[in-house]
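Undergrad: using only what follows, build the 3D model:
(one chain, ligands or ions: 1)
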Amino acid sequence: MITGLEDSKSVDMAFESGASGFVVKPVNYPILLQQIKFQLRASNNARNLLENQEQLSSAQRIAGFGFWRWDALSDRLTVSDNLAEMMGNPKNIHQLTLKDFFEQIHPDDREFVYSLVISTTEGAPPQPAEYRLIVNNRPAMTVHQEIGCAPNNRQIILGTVQDITQQIATQKRIRQLAYTDELTGLASRAYFYKHMEDIIKAAKRRDERFALVYLDLDGFKDVNDSLGHDTGDELLKKIAERLEMILRDTDFVARLSGDEFCILVDHVNDQYVAADVANRCLEEINKPLMLNARELRPRCSIGIAHFPEDGENLQTLLKAADSAMYSAKAQGRHRYAFYQPELTIQAEKRLWLEQELRAAIDRDQFELHYQPQIDIVRGRLAGVEALVRWRHPDLGLVSPNDFIKVAERIGVIKSLENWILETACYQLSQWRQEKISDFKMAVNISPIHFHEPELYNTVQQILQKTNVPPELLELEITESVVQNLDGNITMFEQLREMGIKIAIDDFGTGYSSLASLKNLPIDCLKIDRLFIIDMMEDADSSILLGTIIGAAQALGNSVIAEGVENREQLLVLRGIGCEIVQGFYFSKPLFPEEIPNMAKKDFRNAVTGNVTNAPIIGKTS
Ligand SMILES: Nc1nc2c(ncn2[C@@H]2O[C@H](COP(=O)(O)O[C@H]3[C@@H](O)[C@H](n4cnc5c(=O)[nH]c(N)nc54)O[C@@H]3COP(=O)(O)O)[C@@H](O)[C@H]2O)c(=O)[nH]1
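TA: Here you go, the predicted model:
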């Protein structure tokens, strides 16, 4: 611009119109020339700078990249245009505080990102972070952030933020493709290996065991050859579905290749956990299946190895399970084998026993024996305890110690104990009809059964059916029931309301105190046999027992001493106030036909001296 005006107002106007300098008259042309060259260069630089900024801005937009600067002292946060755009261009973009920015971070991520920023102002080494930004209720955007301090000023924090949502999604997809078996949707071999490494590390750290169950279909090649590969694929998909149905949440199943599958069974305390999984696989897989209008009954062979005893790393463990699987095939297929053959024998024995026990009620193999409970004050039979026995054709008379726990585990305890309740009540009603005096019947109820709400109805129906007065039935439950009540005593209350008596069995073996029993609606404490043995060896025990008996009686409960085997025990018990005893001294558990004789006896002499009068009988167990 050339002008002859040189007053300050004109100079201002010239600058406002875009002038970037001025020369005064008379014009010094060499200097003017230099000034023009300088202006041209400055304007070129400015244009280049603008272009660079535009390029940088475009590059940032394309890369989903933005940056921010936070002045901790004034709490002013400035953001780049692109970050502003990523944040949905908030209205207050020119007066942002750190809090405004954090409001757009996913609530679950806020705390850790905040602590990273603050710790950087406090001199901690800057840490990168990945977190989610939520913008205008759209799906979260995942960003990667790098931060640092401004040179020589820890109170100014600079941060770059890059949108990595797409990258994360791609990684996830790649992982999914690599880690999922495309045909069956199960975990792939690659994922299985990775998972195994993790599980081995964790098991070593926690000193835990796990089992590797290696499963191979029998005759899969024949299916492929005769029905075609598509049908073979369908079969594999079906097997995968069945395996997934069988497993517990903590187990992990993968398809290793072709018709080979592997299951990791966690938290195994004994060999039976893996044997149960293997049995369920054999059963489920063998269910009929329609493929190509043909019915198949797939079969498989299974090898089982345990960490750490059969292998401490991935390779040795897989090798052990694989070799066990071949031994299952060699033994005739569609079965399982452990890497250690003796475990297979034990597991098969247990399975056999379980199957026999399941069938035992239908086969009418149980019988009840009755052990007398003697009132030593009045010298008469106070009651009998029904004790179950299993008369097995090959095993002989099996003790309840050997099958009650099994019955609980395989879920037949309720039907077994319902049978016991009914049989015992029928027996009592028969004795009552025969006018054998009124004594009570005690029946053991397992903790599992006691917690079932339908127990109440079952007992009520049985009493009605057998016409037994409720006060003559006593249910014996162990201390463990008391310890796992969690304050829920409804079953106790309902049964007591019906008129039934409740006894705490094996008292003294658990940790219930009299104080804890104080609030329980019970009628009787049965002192465990070990306490009675102890009592004779340790004077303090007998004092303690005397206190327990006194306190229990004061609370209105009767006390039965169990396992009384000799007269010395009997005398001490009588001395400390015990009124009812049960044990081999008076009688072993008897056949039902032996009880009427016991009901007729007078036991008063047993305590007062004439021991020969105390009938020590018992033909049974
Ligand atoms: N849930 C159920 N449990 C039951 C049932 N029937 C029995 N059982 C429980 O099995 C355990 C073993 O019972 P058993 O082999 O019948 O032994 C009982 C008695 O024979 C034995 N006993 C009795 N007197 C003496 C003795 O003087 N010495 C001695 N060494 N043993 C003796 O004690 C067993 C009775 O115990 P308890 O039930 O605690 O009163 C046993 O835990 C039974 O409870 C059932 O139907 N359901």
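Undergrad: which residues sit in contact with Asp375?
TA: Residues near Asp375 by C-beta atoms under 8 Å, 6 or more residues apart in numbering: Leu381, Ala382, Glu579, Ile580, Phe603. Bear in mind the C-beta positions are built from the backbone N, C-alpha and C, glycine included.
Undergrad: the helix or strand in which Glu284 is found - what's its average pLDDT?
TA: For Glu284, the host element (DSSP states H and E) is helix 271-285. Helix 271-285 comes out with an average pLDDT of 92.
Undergrad: what does the stretch 401-550 of the chain have sitting close to the ligand?
TA: Contacts of the stretch 401-550 of the chain with the ligand, taken as C-beta under 6 Å from any ligand atom, map to Asn401, Ile404, Glu417, Ile420, Asn444, Ser446, Asp505, Asp506, Lys526, Arg529.
Undergrad: following whatever helix or strand the fourth one lives in, which helix or strand shows up next?
TA: By that I understand Ile420. Per DSSP H and E, Ile420 falls inside helix 413-433. Sequence order places strand 440-444 as the next helix or strand after helix 413-433, per DSSP H and E.
Undergrad: that following strand to helix 413-433, inter-axis angle?
TA: Strand 440-444 and helix 413-433 are oriented at 170 degrees to each other (axes from the mean of the first three to the mean of the last three C-alpha atoms, to 10 degrees).
Undergrad: CA atoms only: put strand 440-444 into CSV for me.
TA: Taking Å, rounded to 0.1, in the frame of the first residue of the first chain, the C-alpha atoms of strand 440-444 are listed here in CSV:
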residue,chain,number,x,y,z
LYS,A,440,-39.5,-93.5,71.4
MET,A,441,-37.9,-94.1,68.0
ALA,A,442,-34.8,-92.1,67.1
VAL,A,443,-34.0,-91.7,63.3
ASN,A,444,-30.8,-90.1,61.9
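Undergrad: beta-bridge partners for Leu133, please?
TA: Following DSSP bridges, Leu133 is listed with bridge partners Ile105, Met141.
Undergrad: does it touch Gln104 like I think?
TA: Yes. With contacts counted by C-beta atoms under 8 Å, Leu133 reaches Gln104, the gap being 5.4 Å.
Undergrad: quickly list what's touching both of the two.
TA: Shared contacts of Leu133 and Gln104, defined by C-beta under 8 Å, 6+ apart, comprise Met87.
Undergrad: the two: who's more crowded?
TA: Between Leu133 and Gln104, counted using other C-beta atoms under 10 Å, the more crowded position is Leu133 (22 against 17).
Undergrad: OK, contacts around the more buried one?
TA: By C-beta under 8 Å, 6+ apart, the contact list for Leu133 reads Met86, Met87, Gln104, Ile105, His106, Ala140, Met141, Thr142, Val143, Val161.
Undergrad: looking at the contacts of Asp375, spot the one nearest the ligand.
TA: The shortest approach to the ligand among the contacts of Asp375 belongs to Ile580, at 12.1 Å (C-beta to the nearest ligand atom).
Undergrad: list the beta-bridge partners for that closest one.
TA: Beta bridges link Ile580 to Asp375, Ile560 when assigned by DSSP bridges.
Undergrad: so it sits against Asn557, correct?
TA: No. Ile580 sits out of contact with Asn557 when judged by C-beta under 8 Å, with a separation of 11.3 Å.
Undergrad: in a helix, Lys329, correct?
TA: Yes. Counting by DSSP: H, G, I helix; E, B strand; the rest coil, Lys329 is found in a helix.
Undergrad: tally of neighbours for Ile374?
TA: So Ile374, with other C-beta under 10 Å, has 29 neighbours.
Undergrad: isn't it up against Cys578?
TA: No. Between Ile374 and Cys578 there is no contact under C-beta under 8 Å: 11.0 Å.
Undergrad: so where's the stretch 251-400 of the chain uncertain?
TA: Filtered on pLDDT under 70, the stretch 251-400 of the chain yields no residues whatsoever.
Undergrad: which parts of it are helices?
TA: With DSSP state H, counting those that start in this stretch as the criterion, the stretch 251-400 of the chain has helices at 271-285, 314-330, 341-360.
Undergrad: again with the stretch 501-621 of the chain
TA: Using DSSP H, counting those that start in this stretch, helices in the stretch 501-621 of the chain cover 514-518, 529-537, 539-554, 567-575, 595-600, 604-608.
Undergrad: likewise the stretch 51-200 of the chain?
TA: Along the stretch 51-200 of the chain, the stretches classed as helices by DSSP H, counting those that start in this stretch are 81-86, 98-102, 107-121, 165-179, 189-206.
Undergrad: quick one: buried residues of the longest one?
TA: Applying a neighbour-count criterion of 16 or more other C-beta atoms under 10 Å, one finds Arg189, Tyr191, Phe192, His195, Met196, Ile199, Ile200, Ala203 buried in helix 189-206.
Undergrad: same question for stretch 360-376.
TA: Ala360, Gln365, Phe366, Leu368, His369, Tyr370, Gln371, Pro372, Gln373, Ile374, Asp375, Ile376.
Undergrad: return only those of those residues found close to the ligand.
TA: Among these, proximity to the ligand is found for Gln371 (C-beta under 6 Å from any ligand atom).
Undergrad: determine which two of the buried residues of stretch 360-376 are furthest apart.
TA: Ala360 and Ile376 (36.9 Å; C-beta to C-beta).
Undergrad: quick one on the thing from earlier: among the helices of the stretch 51-200 of the chain, which is nearest the ligand?
TA: Among those, helix 189-206 comes nearest to the ligand, with 33.9 Å by C-beta to the nearest ligand atom.
Undergrad: packing partners of the closest one?
TA: helix 165-179, strand 210-217, strand 252-257, strand 260-265, strand 300-307, helix 314-330 (3 or more C-beta pairs under 8 Å, 6 or more residues apart in numbering; DSSP states H and E).
Undergrad: of these, which is nearest the ligand?
TA: Across the helices and strands packed on helix 189-206, the ligand has its closest neighbour in strand 260-265 (29.3 Å, C-beta to the nearest ligand atom).
Undergrad: show me what contacts Asp438?
TA: By C-beta under 8 Å, 6+ apart, the neighbours of Asp438 are Arg432, Leu472.
Undergrad: the closest residue to Leu289 other than its chain neighbours: neighbour count?
TA: Excluding its sequence neighbours, the residue lying closest to Leu289 (C-beta to C-beta, 6 or more residues apart in numbering) is Leu296, at 4.9 Å. The tally of other residues near Leu296 (other C-beta under 10 Å) stands at 18.
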